[in-house]
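[1] give me a 3D structure for the following:
(chains A and B)
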Amino acid sequence: MHKTSISRKIFLTFNYILLTVTAIVCILPLINVLAISFSSSSAAAAGYVKLWPVDFTVASYKYALTKNEFLTGFFVSGKRVLLGYIVNMLITISIAYPLSKEKKALGMRNVYAWFFIITMLFHGGLIPTYMTIKSLGLLDTIWALVLPGAVPVFNVILLMNFFRNLPKEIEEAAYIDGAGHWRVLWSIYCPLSKPALATISLFVLVGHWNSWFDGLIYMNSPANYPLQSYLQTIIIEADPSIVSSNELLDMSEISNRTFKSAQVFLAAFPVLIIYPFLQKYFMKGLVFGSVKG
Amino acid sequence: MGMKKKLQEIPLHLMILPGIILTVIFSYVPILGTVIAFQKFVPSKGIFNSKWIGLDNFRYMLDMPNFTSVLWNTVFIAILKIIAGLVVPIIFALLLNELAGAFFKRTIQTIIYFPYFLSWVILGGILIDILSPSSGIVNQFLGVFGIKPIFFLGDDKWFPYTLVLTDTWKTFGYGTIVYLAALTGIDQSLYEAATMDGANRWKQTIHITLPGMLPIITLMTVLSLGNVLNAGFEQVFNLYSPMVYSTGDIIDTLVYRIGLVDAQYGVATAVGLFKSLISFVLIVLSNKLANKYAGYRVF
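    So this is what the prediction gives:
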């Protein structure tokens, strides 16, 4: 039998403790904010709330969910995520497939590849991009949030590398049976690439949900703001004194602090929900798709 | 034969076409639009009728009193982030790799990776709250040890380090997964042989694990070179305030303020172009080095 030395035992104990503490430090801030969101305004203002709500109340949530701007933001974000996801995935798949072919199957492969890579190396920057979107008449439309990022080159590379590592025999058999490229892509490549597609899906869904800057600059009217742009303007930018004097102080059980915390948590909630489902594919998706030795 | 091959290629070209069109419109057209860096650009006149002024916008940029300090802030914050972003994930990947239980390992991984998926708006909201000098939980905790409240986000001495620390908090889980993936690729028989030779875990780490990770470490180090002028717009924008401009203002936030707040389009584009050009050179250089030292190619 193999005996574990004392120093190894000490190390392992230390290791377990350190990793547990790190994990706790990673989620503690979120738990603190969650606790504040469920606490009464006086307890939150006095700084009594640590990791458990004090004077439990859902008043802040009730208020957030009846607030028009918040609900509109939620709706715009939902629309954006749905549209953006469909467009991103279709484009990613339909570029990754041809690029995964050898040069002898697609003569222009390298030309296409460089065409896309250049956009990773060089881009127009804030003002020229803004002017382009403006001159296309996309300001204040959902397309200003969906189309500029429709070709996520990093994801294309990930999926392309994954496609390349798939066994070629099944594909060849399909061609012999008379299947075309579209058929091979949808019936063979995509089902076999679940880990990569799940990984990319998570990045795309979360990416669209989390975007705020484009909403801020491309939407002239705050009524068109996605949730995160709206939150950016009220949580980060807002002068707390204005917000609270306007509408919040008369509602005694809600403070600016609890209200902000509730909204932060509501905005993080969808990510919290889909994350565990797609997270299990990461290792596979990232390893096979990304850097090859 | 050649003709038949061409015909077979057609569906592939068609598949890629929508992506090409979108890329031309939303990537290449803006790249051409950077010519306004050389113009006294007036939106109502457009690119074709605005006056060409050569390098005046660049001269203006270099004469701005805060330009050198902004450049310095950018490089300083970026380099600290790059160092932390390399060292911390490597350490945690090594520590996680020592664990035997898959469940504990998986749970830790899932938790430390999670902040990576929250936006800087949400994290900004959380950080502003927990770092507040009056009511934040961090200063309350420090108070237990008799430490006076620190205004992490409002004190220009603390601000850059707060940025680095909170960025590391958000992103180290991602890096850890990359390195863990690299660890699974190390030949297990090496460890068995080393155990037979009487090497303990520490010696195995030094002589097998670290050398096994070296290619990916080299690669990540070299590739991070391209980020020297990227100190993280989203984070800084959501956490900074005029109080910390002296140490926290970076090129991207400056471009935003000159361009969209002050509406000096030509100057803002010139500053952006300056940054893009240097970044471009750094990225090309880092890819060359990555290819040379780690055999890495993007495609």
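[2] what about the helices in the stretch 151-299 of chain B?
    For the stretch 151-299 of chain B, the helices defined by DSSP state H, counting those that start in this stretch cover B:159-184, B:188-196, B:201-204, B:210-224, B:233-239, B:245-248, B:251-256, B:265-294.
[3] out of those helices, flag the one nearest A:Asn210.
    Among the helices of the stretch 151-299 of chain B, the nearest to A:Asn210 by C-beta to C-beta is helix B:233-239 (9.2 Å). Heads up, the C-betas are built off the backbone N, CA and C, glycines and all.
[4] what ranges in the stretch 151-299 of chain B fall below the confidence cut-off?
    Counting by pLDDT under 70, the ranges of the stretch 151-299 of chain B that qualify are B:298-299.
[5] let's have the helices of the stretch 151-299 of chain B in a markdown table, adding distance to A:Phe11 and mean neighbour count.
    Below are those laid out as a markdown table (distance: least, C-beta to C-beta, whole Å; neighbours: other C-beta atoms under 10 Å in any protein chain shown):
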| stretch | distance to A:Phe11 | mean neighbour count |
| --- | --- | --- |
| helix B:159-184 | 17 | 20 |
| helix B:188-196 | 16 | 12 |
| helix B:201-204 | 8 | 14 |
| helix B:210-224 | 16 | 18 |
| helix B:233-239 | 35 | 21 |
| helix B:245-248 | 39 | 18 |
| helix B:251-256 | 43 | 22 |
| helix B:265-294 | 31 | 19 |
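[6] got those as JSON lines, with distance to A:Val54 columns?
    Formatted as JSON lines, these follow (distance: least, C-beta to C-beta, whole Å):
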{"stretch": "helix B:159-184", "distance to A:Val54": "26"}
{"stretch": "helix B:188-196", "distance to A:Val54": "51"}
{"stretch": "helix B:201-204", "distance to A:Val54": "46"}
{"stretch": "helix B:210-224", "distance to A:Val54": "44"}
{"stretch": "helix B:233-239", "distance to A:Val54": "27"}
{"stretch": "helix B:245-248", "distance to A:Val54": "34"}
{"stretch": "helix B:251-256", "distance to A:Val54": "37"}
{"stretch": "helix B:265-294", "distance to A:Val54": "47"}
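[7] and those: which comes nearest chain A?
    Of all the helices of the stretch 151-299 of chain B, helix B:265-294 sits nearest to chain A, with 3.4 Å by C-beta to the nearest C-beta.
[8] for chain B, give me its nearest residue in the stretch 51-200 of chain A.
    Chain B sits closest to A:Gly124 of the stretch 51-200 of chain A, with a gap of 2.6 Å, by C-beta to the nearest C-beta.
[9] actually, the stretch 151-293 of chain A.
    Residue of the stretch 151-293 of chain A nearest chain B, by C-beta to the nearest C-beta: A:Asn210 (3.5 Å).
[10] look up the closest residue to that residue, ignoring the ones flanking it.
    Excluding its sequence neighbours, the residue lying closest to A:Asn210 (C-beta to C-beta, 6 or more residues apart in numbering or on different chains) is B:Ser119, at 3.5 Å.
[11] number of nearby residues for the one you found?
    25 (other C-beta atoms under 10 Å in any protein chain shown).
[12] quick check, it in contact with A:Trp212.
    Yes: counting by C-beta atoms under 8 Å, B:Ser119 touches A:Trp212, with 6.3 Å between them.
[13] who are the neighbours in contact with A:Leu83?
    A:142, A:146 (C-beta atoms under 8 Å, 6 or more residues apart in numbering or on different chains).
[14] ignore what I typed, I meant B:Tyr240.
    Contacts of B:Tyr240 (C-beta under 8 Å, 6+ apart): B:153, B:159, B:248-249, B:253.
[15] circling back to that earlier point, of the helices of the stretch 151-299 of chain B, which is nearest B:Gln39?
    Of those, nearest to B:Gln39 by C-beta to C-beta is helix B:265-294, at 5.5 Å.
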